[in-house]
Structures are given as C-alpha cells and as structure tokens.
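Asker: Here's a sequence, model it:
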Amino acid sequence: MLQGLVQIIGWVAAIGLGLVTLLLATNRKSGLRMIGHRVEMLPQAMLVRYGGMTLLAAIAAWLGLPTVLFAILLAFAVIGFGDAYIYRRVGHPFRLHLFAGGIALVGALLALIVKS
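Answerer: Numbering: from 1, shown residues only. The predicted model follows:
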C-alpha cells in the first residue's frame, strides 16, 4: 500500500515538473513568474540545483543500482546536452556542457549494459 502511494507521489511530481517545463518552454517570462522564480536570483537557484544533482548522483552511486544510475545519468545527459545547445545557439562557450552531457550519456549506457 505504501509503495503504491510513493509511486503515485512520484508520478504527480513527474507530471508537475513536465507541466512546468512546458510552461517555461512556451512563455519563459510568465512561466518564471508563475513558478515563483526571478531572473536575477537564478545564480543562487542554480547553486541549489547543482547541490541537488550532487546529492542525487551520490545516492545513486552509493546504492549502486544500475536502473537508478541509468535514470539519473540519462537526466544529467539531457541537462548537459540541452545547456550545450542553448549556449552554442547564441555563440557562447558550450564545450564543457557538451562534454558533461557526453560523459553522463556514456555512464547511462554503461549502467544499461550492466543491468542487462
């Protein structure tokens, strides 16, 4: 019973984050306002995001479960490649993000192979 509740909470979180993503993709300015973020505060928000990603990576590595590592590393690859695309598109340095996305993707694929 509790496992089902946890799974429902996970789906609600995934759907909620997906809706926020869609909102930000369609109207960045009102999207930021609706979710309570301010452009001038994004550096501090990024600090918290990187801290959260560090915690996720450490827990996944500690658990050593290939499916968990696959999921987290695949998400990190999407973030890295997405940032690289955003920065490349406007002519800013992007190779560090591309490299991070590539390393995360290789790790995700290795986790998938280990699982098989």
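Asker: and residue 48, how far is that from residue 2?
Answerer: 29 Å (CB to CB, to the nearest Å). C-beta here means a position set from N, CA and C on the backbone, and glycine is covered the same way.
Asker: actually residue 116, sorry about that
Answerer: 30 Å.
Asker: next one: residue 51
Answerer: For residue 51, the distance to residue 2 - CB to CB - is 28 Å.
Asker: swap in residue 49?
Answerer: Between residue 49 and residue 2 the computed distance is 29 Å (CB to CB).
Asker: Those two - which one has more neighbours?
Answerer: Using other CB atoms under 10 Å as the criterion, residue 49 and residue 2 rank with residue 49 on top: 12 against 6.
Asker: What backbone torsions are found at the more buried one?
Answerer: phi -60, psi -50 (degrees, to the nearest 10).
Asker: Could you report the pLDDT at it?
Answerer: On pLDDT, residue 49 comes in at 92.
Asker: ok, now residue 31?
Answerer: At residue 31, pLDDT is 85.
Asker: so which helix or strand takes in it?
Answerer: Using DSSP states H and E, residue 31 sits in helix 28-34.
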